[in-house]
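> 3D, please:
(chains A, B, C and D)
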There are 2 protein chains.
Amino acid sequence: MDDISPIRAKSGTNQEGTSAHNRRVMIEALRLNGALSRADLARATQLTKQAVSNIIEDLESDGLVVALDAVRKGRGQPSTPYRLVPEGAFAIGLHIDRHLTRAVAVDLMGSVLARAEANLPFDEPSKGVEIILKLIAGVRRDLAGISAQSEKRLVGLGVAMPGPFGLKDSDDKWMMPAWQKFPLLETLAKGTGLNVGLQNDAAACATAERIVGAAHGVDHAVCLYVGYGIGAGLILNGELYSGGHGNAGEIGMALLAPAGPGSTPLEHRASLASLYQHLDLNPADSDIYEQMNALVLAEDTKMMAWIDGAAHDLRWSVHLIETIFDPKTVILTSGAPEALARRLVEAMHPLLPSIADRPARNLPRLQVGTTDPWSIALGAAAAPISRAFDPLFSAILKTRSAPA
Amino acid sequence: MDDISPIRAKSGTNQEGTSAHNRRVMIEALRLNGALSRADLARATQLTKQAVSNIIEDLESDGLVVALDAVRKGRGQPSTPYRLVPEGAFAIGLHIDRHLTRAVAVDLMGSVLARAEANLPFDEPSKGVEIILKLIAGVRRDLAGISAQSEKRLVGLGVAMPGPFGLKDSDDKWMMPAWQKFPLLETLAKGTGLNVGLQNDAAACATAERIVGAAHGVDHAVCLYVGYGIGAGLILNGELYSGGHGNAGEIGMALLAPAGPGSTPLEHRASLASLYQHLDLNPADSDIYEQMNALVLAEDTKMMAWIDGAAHDLRWSVHLIETIFDPKTVILTSGAPEALARRLVEAMHPLLPSIADRPARNLPRLQVGTTDPWSIALGAAAAPISRAFDPLFSAILKTRSAPA
DNA sequence: GCATTAAGTCAACTCGCTTGACTTAATTAG
DNA sequence: CTAATTAAGTCAAGCGAGTTGACTTAATGC
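Reported below is the predicted structural model:
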């Protein structure tokens, strides 16, 4: 809400906001519950049958929902369920990592329809952007081949890359300094003509878990992402929380002790970077994934030692996260092979006691999320879809001209 | 959103929601900016002059705002500023602590108009509730003496007490086990006829800081509360965050190390309870506050040692909070004397490096908040006012019957 | 077969923001 | 000292979106 005017206030709203909200509520309800009839929707959203009917009619003519066959379920007129149309909207997701970039095209349901990857020069963002733009153009072309509507229905480009963003100029090699300084979003917006949004990789991972993974429909969840670095994606009250300056969840820099010899950033102990170092692997190797997988399956001593060490610190990170956030569940995701993630989670048990030790839980305290290396790109793509279709407070408010 | 129906969906909204939101936005704008004219409000909220005019007229006839004298500020017709009327609403706040309970009555602006305290039997909630009900009745009587409108304009009773709530049955003496099991809210609701809400003491403290303190108008702030225990009140996106089960911020149980000898709950090192133990003080002493103050002013060796130890752990807590939440500021508040809190914050400097080390900050990373022992009760009272008058997402939604 | 139950529609209504013209009242230019 | 300009605020008609209540449709159950 930074504004030219010195007066600080939230926006008001009007019927447009009302209607936008109700549309989004319908879409979310269909996303969470599968197909629902108008009557179901009316009950669930507390709107009148008539209001729902009008909205559904609109959504149908916009190509966002379709009617299924009527179903008889007891007395009364059979109901006509509606479901979301996957081709109702598309988005592009971009994952920029240290040595690699991946782009995907997804539909409204979060299904990946096209994907492409390329190597990236670590220190030359201007060259990198050219590669990225080509990658995006390719994915877009593939998408256009799948759906003729795709270009019209493209809601945006989501970018995920390692944070934190906007700190003091730093040459910390963990942070891709050259990329931090490059006007990436502007360049991509110009180069693609799309709305561009940025989040860190852990946030994207949480978004992916929320849209198609273990956090689907969970309003309070934390997603630990063990990638080259480590971060936490925070889903609070059903929305991704990004903090006062967009860096919430950047726990890689959290010190493991207040002082003394143990005062190391978590990232130096429990991240793939630390694994590479510990095992003397080269992250730029094209078969690095297979190498890691093989070492886990072979129960390599050094690998097991790293897992134990990382699990020790991660166990405690989970404890702190639970204590601070009181989430319904914590999801561990990783860019590492699934076997490694599973071993890691196993090694983290038994978990430390915390307020999450409740009598009645219906979700596990800690679970393994996706380890698909494409999931960050998927989450990045899900962000513009969420912005466009999920019920958000901000979506109700009037906007001056264009939203930030 | 737990519901009888298995269908999960957010509520829709209608014109009532629109109007409710806009009223709240006006009130918040006046609270944050002092007096504003209708034209100012129209610009700030993006509503039309006419819409604002109607809403202000309503608010005026409801006794929530009044016009001030017209002011000339350049060309054009002079504007008529409006400000909030403190007597527009009242709330009762109740702070239940281990040996003591405090009740306050506050007005719409958060000014304390009446207060009362009493000792509380630690282990007999049924007796305690009688004392509390008498205390509340007294405060209410005092309030009625100040404003004839008070009873009509009483929006609710806010209760703050040490958490966490709803865990496994535990006899942990830190947690007031007898009170945890007692049906407190129901009893108070029946006994007072008011809407009753509960939060933990740190959350109440954050609410107090937000309404009248250092977090006034700050949308991302964390309030560390060093009381008998220790907790953090989280203000995220301008709203208090309470987690999946209402226990977010209960960092007293956070372990200071993953294992080994240092694996102590923070509460055992940096809370007034630990201070009492360290200095062999009796928290039930009526002059405990003065005793502490004297020891700080005298720079008592043991006191200084405790401060250094606690500061060591708190410094690191701030580091973790900054790293996880990326707040605009961290506020340390305490039930201890101001001198102690100041010494503690001094001893915490220099702070550990974190992502909060940004080039352009306009708020300090760490500041001392209120140390008024009544501020928890004030924050408790502010909660129902906030629920009734602040722009909240939930306030827009239709409700089935009564909100939870 | 007829009563009952439930989905969904129709058409009139209402509420609250918007629109655009208008009034009021100040400052500034000539 | 007027006239032009600027800005606050009002008036009255308009409109969009959800609401209301009666009605239609189409099943099941006794």
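
> Report whether stretch A:274-292 contacts chain B.
No - for stretch A:274-292 and chain B, the contact criterion (Cβ under 8 Å from any Cβ of the partner chain) is not met; the two come no nearer than 16.0 Å. Where you see a C-beta, it was placed from the backbone N, CA and C, and this is true even at glycine.

> Show residues contacting that stretch.
The contact list for stretch A:274-292, computed with Cβ atoms under 8 Å, 6 or more residues apart in numbering or on different chains, reads A:98-99, A:228, A:267-268, A:272-273, A:295, A:300, A:302-303, A:305-306, A:310, A:336-337, A:340, A:373.

> Name the residues of it that are buried.
Under the neighbour-count criterion of 16 or more other Cβ atoms under 10 Å in any protein chain shown, stretch A:274-292 has A:274-276, A:288, A:292 buried.

> try stretch A:352-368
Of the residues in stretch A:352-368, those buried (16+ other Cβ under 10 Å) are A:352, A:354-356, A:358, A:363, A:365-368.

> Same question for stretch A:179-196.
So, applying 16+ other Cβ under 10 Å, buried residues of stretch A:179-196: A:179-180, A:182, A:184, A:187-189, A:191-192, A:194-196.

> Repeat that for stretch A:11-22.
A:11-14, A:17-22.

> For DNA strand C, tell me which of the residues you listed show up nearby.
By Cβ under 7 Å from any atom of the strand, the members of the buried residues of stretch A:11-22 lying near DNA strand C are A:12-14.

> Outline the domain layout of chain A.
A:15-84, A:89-205+A:377-393, A:217-369 (automatic domain parsing).

> Which single residue in the stretch 51-200 of chain A comes nearest to DNA strand C?
A:Gly76 (2.2 Å; Cβ to the nearest atom of the strand).

> For that residue, pull up the helix or strand it's in.
Secondary structure assignment for A:Gly76, by DSSP states H and E: no helix or strand.

> before we move on, what about A:Ile211?
Once you assign secondary structure using DSSP H and E, A:Ile211 falls within helix A:201-212.

> just A:Leu378 next, same as before
Judged by DSSP H and E, A:Leu378 forms part of helix A:375-389.

> Buried residues in that helix, which are they?
Buried-residue list, helix A:375-389, by 16+ other Cβ under 10 Å: A:375-389.

> Just want the angle from the helix holding A:Ile211 to helix A:375-389.
Counting by axes from the mean of the first three to the mean of the last three Cα atoms, to 10 degrees, helix A:201-212 points 70 degrees away from the direction of helix A:375-389.

> so what secondary structure elements neighbour helix A:201-212?
Counting contacts by 3 or more Cβ pairs under 8 Å, 6 or more residues apart in numbering or on different chains; DSSP states H and E, helix A:201-212 packs against strand A:90-96, strand A:154-161, strand A:221-226, strand A:230-236, strand A:239-241, strand A:329-334, helix A:375-389.

> low pLDDT regions in the stretch 51-200 of chain A?
Applying pLDDT under 70 to the stretch 51-200 of chain A flags residues A:167-177.

> Quick one: name the residues of the stretch 301-404 of chain A near chain B.
Residues of the stretch 301-404 of chain A lying near chain B (Cβ under 8 Å from any Cβ): A:312-313, A:315-316, A:319-321, A:323-328, A:352, A:354-355, A:357-359, A:391, A:393, A:396-400.

> Would you mind checking these for buried ones?
A:312-313, A:315-316, A:319-321, A:323-328, A:352, A:354-355, A:358, A:391, A:393, A:396-397.

> Among the residues of the stretch 301-404 of chain A next to chain B, which ones are in helices?
Members of those lying in helices (criterion: DSSP state H): A:312-313, A:315-316, A:319-321, A:323-325, A:393, A:396.

> out of the buried residues of helix A:375-389, who's nearest chain B?
Proximity to chain B was ranked across those by Cβ to the nearest Cβ; first place goes to A:Phe389, at 12.6 Å.

> Double-check that closest one against A:Val25; I have them as touching.
No - using Cβ atoms under 8 Å, A:Phe389 is not in contact with A:Val25; the gap is 10.3 Å.

> I'd like the domains of chain A laid out as CSV, including distance to DNA strand D.
Listed next are these as CSV, based on distance: least, Cβ to the nearest atom of the strand, whole Å:
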stretch, distance to DNA strand D
domain A:15-84, 4
domain A:89-205+A:377-393, 12
domain A:217-369, 20
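
> how about those domains in JSON lines, adding distance to B:His216?
As requested, those are exported to JSON lines (distance: least, Cβ to Cβ, whole Å):
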{"stretch": "domain A:15-84", "distance to B:His216": "27"}
{"stretch": "domain A:89-205+A:377-393", "distance to B:His216": "21"}
{"stretch": "domain A:217-369", "distance to B:His216": "15"}
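
> what's the neighbour count on A:Ser61?
A:Ser61 has 9 neighbouring residues, counting by other Cβ atoms under 10 Å in any protein chain shown.

> Would you check how far apart it and chain B are?
Using Cβ to the nearest Cβ, to the nearest Å, A:Ser61 is found at 19 Å from chain B.

> Which pLDDT value goes with A:Pro261?
pLDDT, the model's per-residue confidence, is 73 for A:Pro261.

> go on, the one 5 residues further on?
At A:Leu266 the predicted local confidence, pLDDT, stands at 90.

> Surely it touches A:Gly229?
No - with contacts counted by Cβ under 8 Å, A:Leu266 stays clear of A:Gly229, the gap being 9.2 Å.

> Those two - which one has more neighbours?
The neighbour count for A:Leu266 versus A:Gly229, taken as other Cβ under 10 Å, is higher for A:Gly229 (30 against 23).

> State the phi and psi torsions of that one.
Dihedral angles of A:Gly229 (phi, psi; degrees, to the nearest 10) stand at phi -100, psi -160.

> Find the nearest non-adjacent residue to it, please.
A:Gly252 (4.4 Å; Cβ to Cβ, 6 or more residues apart in numbering or on different chains).

> who are the neighbours in contact with the residue of chain A most remote from its centre?
No residue in chain A sits farther from the centre than A:Arg75, which is 42.9 Å out by Cα atoms, centre = their mean. By Cβ under 8 Å, 6+ apart, the contact list for A:Arg75 is empty.

> out of the buried residues of stretch A:352-368, who's nearest chain B?
Nearest member of these to chain B, counting by Cβ to the nearest Cβ, is A:Ile355, at 4.9 Å.

> what sits against that closest one?
Per Cβ under 8 Å, 6+ apart, neighbours of A:Ile355: A:322-323, A:326, B:164, B:167, B:245, B:247, B:250, B:253.

> Also A:Lys49?
Contacts of A:Lys49 by Cβ under 8 Å, 6+ apart are A:38-39, A:42.

> Quick check, pLDDT for the residue of the stretch 251-400 of chain A found nearest DNA strand D.
At 11.3 Å from DNA strand D, A:Ile396 is the closest residue in the stretch 251-400 of chain A, using Cβ to the nearest atom of the strand. We have a pLDDT of 93 for A:Ile396.

> is it true that it touches B:Asn22?
No - at 10.8 Å, A:Ile396 does not count as touching B:Asn22 under the criterion of Cβ under 8 Å.

> any shared contact partners between those two?
With Cβ under 8 Å, 6+ apart as the test, A:Ile396 and B:Asn22 both reach A:Thr13.

> Count the residues that sit near A:Glu117.
For A:Glu117, the tally of surrounding residues (other Cβ under 10 Å) stands at 16.

> Ok, A:Leu157 next?
Count around A:Leu157 with other Cβ under 10 Å applied: 27.

> That one bridge partners, please.
A:Ile92, A:Val196 (DSSP bridges).

> How much space separates it from chain B?
Taken as Cβ to the nearest Cβ, the span from A:Leu157 to chain B is 24 Å.

> Is A:Gly110 located within a helix, as I assumed?
No - looking at A:Gly110 with DSSP: H, G, I helix; E, B strand; the rest coil, it is coil, so not inside a helix.
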